[in-house]
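Peer 1: Sharing a sequence plus its predicted fold:
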Amino acid sequence: MIKILIWLFIISSITMASTTNQLEIISNEANATENYNLAIKYYEEGNYSMSSQLNIKACEKKHFYACRAAGNFYKSDKWIKQNTDKYMYLYEKACEYGDKKACFELAQEYNNMNNISKAILFYTKACNGNIYKSCTILGSLYYLGKGVNQDYNIAKKFFSKACHGNHMQACSALAEAYMGTDTQYYSPNKAIKLYKKACENNEIKACYNLAIIFHEGKAIKKNYEKAKFFYEIACANKYILAYRNLANLYLKGDGTKQNIIRAKGLYKHACTEGDKESCRMLKKIRVIEMQSPNTLK
C-alpha cells in the first residue's frame, strides 16, 4: 500500500512538472497571439489556472486582450481566487497597451472607490479612444463640479463629442445644459433639437423633458398637443412621472378631449409605482365624484 502511494506521488509530481515545463516551453516560444489563443483553448476545457497563466504571458508581450482576460480571472472567485490588486494591475496594463474598454472599466472601479482623480484619468483615456459613455460621464463630472472644479466649457466639450458619437445620454445632457439659465449657453431651440434627436433614439428621459418644455411653456410658447405626444411616448416606455403629467392633461382637457376615466387610469398606474402626488390626485377625484358627480364633467 505504501509503495502504491509512493508511486502515485511520483507520477503526480512528474505530471505536474511536465505540465509546468510544457507551459514554460509554450509560453516562451510562442508569440503573444499564440499564447492568447492557447489560453482560450484551456479556458474552454475548464483549465482556468493554465488559461490565466498563458494570458499573463501574452500580456507580458503587450497583448491587451490577454491582459484584460487575465484580469477577469482575478476579478471574482468564479474561476480562481480573487485578487483585486492583480485585477487592477492587469487592467491598467491592458489600458496602457491600447484597450480603451479596460480604461473605462478601471475608471468605473475608481469612481466606485470615490477616487475621482484616478477615475478622471482613465475616463479621459477611454474618451480619447472614443468610448463615448466615458465622455458623457466626464461631462457630468465637470458640469456638476464633482471631484473637479466646475467648468461648463469642458463639460460642453465632452457632451458634444459623445453626442456626435451618437451616445444619446450625452445629447440629452447637452440639451439640459442649453436649458440652464445660469450658463452662457442658454438656448431653448438648441435644447429642443437635441432632445428630439435623443428621444427619436430611445432616450426616454429626453422625450419626457421635451413634453415638460411644451407643457410648461417657460422657454417657448405652450403647446399641449406636443406635450401630450411626448408624454405618450414616455408612458409607453414606463417613465413614471409622465403618467401623472399626461393624466393632468386628460383631467383638464388640455391639448386633448377631457377624459376622466383615462386620467384616473394613469394616476392609478403612477400611484401603484410609488408616485404619492398621483395617489393624492386619485383620492381627490374619487371624493369629488362622490360629493359632486357633475363637477368633473
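Peer 2: Here it is on my side, so go on. Quantities reported herein were computed from a predicted structural model and do not represent experimental measurements. Numbering: from 1, shown residues only.
Peer 1: Give me the next element, helix or strand, following the helix or strand where residue 89 lies.
Peer 2: Counting by DSSP states H and E, the element that carries residue 89 is helix 84-96. Sequence order places helix 100-112 as the next helix or strand after helix 84-96, per DSSP H and E.
Peer 1: Tell me the buried residues in the helix holding residue 89?
Peer 2: Residues 86, 87, 88, 89, 90, 91, 92, 93, 94, 95 are the ones in helix 84-96 that count as buried (16 or more other C-beta atoms under 10 Å). C-betas here are computed from N, CA, C, even on glycine.
Peer 1: what does stretch 238-251 give?
Peer 2: Quick answer for stretch 238-251 (16+ other C-beta under 10 Å): 239-251.
Peer 1: starting at the chain centroid, how far to that stretch?
Peer 2: Between the centre of stretch 238-251 and the centre of its chain there are 26 Å (C-alpha atoms, centre = their mean, to the nearest Å).
Peer 1: Go ahead and confirm residue 90 touches residue 70.
Peer 2: Yes: using C-beta atoms under 8 Å, residue 90 is in contact with residue 70, at 4.9 Å.
Peer 1: So for those two, which residues contact both of them?
Peer 2: 56, 59 (C-beta atoms under 8 Å, 6 or more residues apart in numbering).
Peer 1: how near is the spatially most central residue of the chain to residue 163?
Peer 2: For the chain, residue 133 is the residue whose C-alpha lies nearest the centre (C-alpha atoms, centre = their mean; 7.2 Å). Distance of residue 133 to residue 163, given as C-beta to C-beta, to the nearest Å: 12 Å.
Peer 1: who's in contact with the helix holding residue 89?
Peer 2: With C-beta under 8 Å, 6+ apart as the test, helix 84-96 has contacts from 56, 59, 64-65, 67-68, 70-72, 74-75, 102-103, 105-106, 109, 122, 125.
Peer 1: again with stretch 164-181
Peer 2: With C-beta under 8 Å, 6+ apart as the test, stretch 164-181 has contacts from 130, 132-133, 135-136, 139-140, 143, 152, 155-156, 158-163, 183, 185-188, 190-192, 194-195, 197-198, 201-203, 205-206, 209, 213, 219.
Peer 1: May I see the buried residues of it?
Peer 2: Neighbour counts over stretch 164-181 (16+ other C-beta under 10 Å) mark 165, 167-179 as buried.
Peer 1: Also stretch 193-210?
Peer 2: 194-199, 203-210.
Peer 1: what residues does it touch?
Peer 2: Contacts of stretch 193-210 (C-beta under 8 Å, 6+ apart): 163, 166, 168-169, 171-172, 174-176, 178-179, 192, 213, 226, 230-231, 233-234, 237, 239, 241-242.
Peer 1: if you set the cut-off to 10 Å instead, what comes out?
Peer 2: Stretch 193-210 is contacted from outside by 159-160, 163, 166-179, 187, 191-192, 211-213, 226-227, 229-242, 245, using C-beta atoms under 10 Å, 6 or more residues apart in numbering.
Peer 1: go on, stretch 32-42?
Peer 2: For stretch 32-42, contacts defined as C-beta under 10 Å, 6+ apart pick out 23, 26-31, 47-67, 69-70, 73.
Peer 1: what's the offset of it from the middle of its chain?
Peer 2: That offset, for stretch 32-42, works out to 31 Å (C-alpha atoms, centre = their mean).
Peer 1: Stretch 148-163 now?
Peer 2: Distance, stretch centre to chain centre, for stretch 148-163: 18 Å (C-alpha atoms, centre = their mean).
Peer 1: What's the mean pLDDT across that stretch?
Peer 2: Per-region confidence: stretch 148-163 scores 95 on mean pLDDT.
Peer 1: Point out where the stretch 1-150 of the chain drops to low pLDDT.
Peer 2: The stretch 1-150 of the chain contains residues with pLDDT under 70 at 1-30, 77, 79.
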